[in-house]
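Peer 1: quick one: sequence plus predicted model below, questions after.
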Amino acid sequence: MVDKRSAGILPFRAAGGADGGLQVLLGHLGGPFWARRDAGAWGVIKGEYAADEPALDAARREFREELGMPVPDGELIPLGEARQSGGKIVTVWALDGDLDPALAVPGTFSMEWPKGSGRIQEFPEIDRAAWLDLPQAREKILAGQRVFLDRLAEWREAPPR
């Protein structure tokens with residue numbers, strides 16, 4: 001069995017203020033399962049890809065599909081990969097860039113809802129995106145993706161030269 005893989009981009013920006021903190025752009029997962037959840041219901045803008053597609057190409061494609069806007073210009077910083085609780089391997093790049101999440105036009109997916117009803121409904125991939133400071137992002141992000149916030153913070157403390 002081949003592991004499922006996802007790739008994504010984690011935009012970040014300086015938060016301003018005296019502490020020099022960071023903010024990251026996360027998306028709140030769309031669909032009925034996540035609608036009333038907040039903590040643990042946000043994630044990196046990412047999506048699955050096939051084995052014959054380069055991960056970085058998939059990350060760029062998924063960013064455009066999920067937010068409906070291009071990836072901001074800038075250097076992509078590899079944050080590596082992590083295996084999620086369901087077994088999926090996620091690869092993420094960070095990007096120092098800014099965008100207005102209010103301009104996002106999320107892509108959609110279809111699923112049977114309510115389950116067993118035979119009705120197919122369409123839902124947004126993400127129902128909103130927001131800039132969150134790192135402590136807030138750690139509370140809201142899916143547990144298996146928290147490692148990417150940690151790696152970004154470590155990179156910021158000692159960026160490779």
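Peer 2: Yes, it's here.
Peer 1: can I assume residue 62 sits in a helix?
Peer 2: Yes - counting by DSSP: H, G, I helix; E, B strand; the rest coil, residue 62 is found in a helix.
Peer 1: so who does it touch?
Peer 2: 6, 7, 8, 9, 45, 46, 47, 49 (CB atoms under 8 Å, 6 or more residues apart in numbering). (Each C-beta comes from the backbone N, C-alpha and C, glycine too.)
Peer 1: reformat the residues you listed as TSV; add neighbour count.
Peer 2: Output for these, formatted as TSV (neighbours: other CB atoms under 10 Å):
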residue	neighbour count
6	21
7	26
8	24
9	25
45	25
46	25
47	19
49	20
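Peer 1: let's see which of the residues you listed end up in strands.
Peer 2: 6, 7, 8, 9, 45, 46, 47 (DSSP state E).
Peer 1: list the contacts of the most centrally placed residue in the chain.
Peer 2: Of all residues in the chain, the one closest to the mean position by CA atoms, centre = their mean is residue 44, 1.3 Å from it. Contact analysis of residue 44 by CB under 8 Å, 6+ apart lists 8, 9, 10, 26, 27, 90, 92, 141, 145, 148.
Peer 1: again, but for residue 57
Peer 2: When contacts are counted by CB under 8 Å, 6+ apart, residue 57 touches residue 49.
Peer 1: re the thing from before, got a pLDDT number for the residue nearest to the centre of the chain?
Peer 2: Residue 44 carries a pLDDT value of 98.
Peer 1: and the gap between it and residue 69?
Peer 2: Distance, residue 44 to residue 69, by CB to CB, to the nearest Å: 16 Å.
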